[in-house]
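> quick one, structure for this:
(chains A and B)
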Amino acid sequence: GQNIDQPTEMTATEGAIVQINCTYQTSGFNGLFWYQQHAGEAPTFLSYNVLDGLEEKGRFSSFLSRSKGYSYLLLKELQMKDSASYLCAVRDGPRPGGYQKVTFGTGTKLQVIP
Amino acid sequence: EAQVTQNPRYLITVTGKKLTVTCSQNMNHEYMSWYRQDPGLGLRQIYYSMNVEVTDKGDVPEGYKVSRKEKRNFPLILESPSPNQTSLYFCASKIAGGYEQYFGPGTRLTVT
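Purely as a prediction, here's the structure:
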């Protein structure tokens, strides 16, 4: 199974940079996701890392270290609309039948203040 | 427009009254899944389906049923709802071999 830890809440200032950390303990690993979820809305995909290193996509970047069981999501030039929950999720290795289970963390609620 | 739809979006019902939440996707995705989301517990998987007529339990299947008779539809059935099934429910789909899940808008269910 998977155990995923991320901070419950964070606050950051508009225009600043914020890093949201995620650590995981896993019995099998085949990738880590970050999703964004505004209050009361559906999660939307941000990033997927399966190899070590940094993946950059506009203002958002995601980093993975498989040996440390660690990832972070970096948000630059924060905007008020970035206020949302950020969900870290880990995918298992393939099982018989091809299914790869995805386990979600409880999410980090980010508040961006003026 | 490529999307996952759920109906109803909001539902208030009473204990024991059978209900169905529908989920439909127009992206020809093989994989579909149901999650519930509760404060402090995150998204937990209820059931998933790898393809038509292929379904399996997730982490919290008790009290729920599903069926996958058509590729586009994956309804969630609560035969006898109880108050502990009050939650926000999400349906999701993805293409076989892909990694990004597409989520529906959610169904907020209250069981009194």
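> close enough to count as contact, B:Ser33 and B:Gln101?
Yes. Using Cβ atoms under 8 Å as the test, B:Ser33 is close enough to B:Gln101 to be in contact (7.2 Å). C-beta here means a position set from N, CA and C on the backbone, and glycine is covered the same way.
> quick one, what contacts residue 91?
Going with chain A. Residues near A:Arg91 by Cβ atoms under 8 Å, 6 or more residues apart in numbering or on different chains: A:29-33, A:100-102, B:99.
> please go with chain B instead
With contact set as Cβ under 8 Å, 6+ apart, B:Cys91 has these partners: B:4, B:6, B:21, B:23, B:25, B:32-35, B:74, B:76, B:103-104.
> helices and strands around the lowest-mean-pLDDT helix or strand in chain A, which ones?
When the helices and strands of chain A are compared on mean pLDDT, DSSP states H and E, strand A:2-5 comes out lowest with a mean of 88. For strand A:2-5, the helices and strands in contact under the criterion 3 or more Cβ pairs under 8 Å, 6 or more residues apart in numbering or on different chains; DSSP states H and E are strand A:18-26, strand A:84-91, strand A:102-104.
> among these, which is the most enclosed?
When these are scored by mean count of other Cβ atoms under 10 Å in any protein chain shown, the highest mean neighbour count falls to strand A:84-91 (a mean of 23).
> for the record, mean pLDDT for that strand?
In this model, strand A:84-91 has a mean pLDDT of 96.
> got it, and stretch A:12-19?
98.
> how much space between the most centrally placed residue in chain B and B:Pro61?
Centrality entry for chain B: nearest residue to the mean C-alpha point is B:Trp34, 3.2 Å, by Cα atoms, centre = their mean. When distances are taken as Cβ to Cβ, to the nearest Å, B:Trp34 and B:Pro61 turn out to be 9 Å apart.
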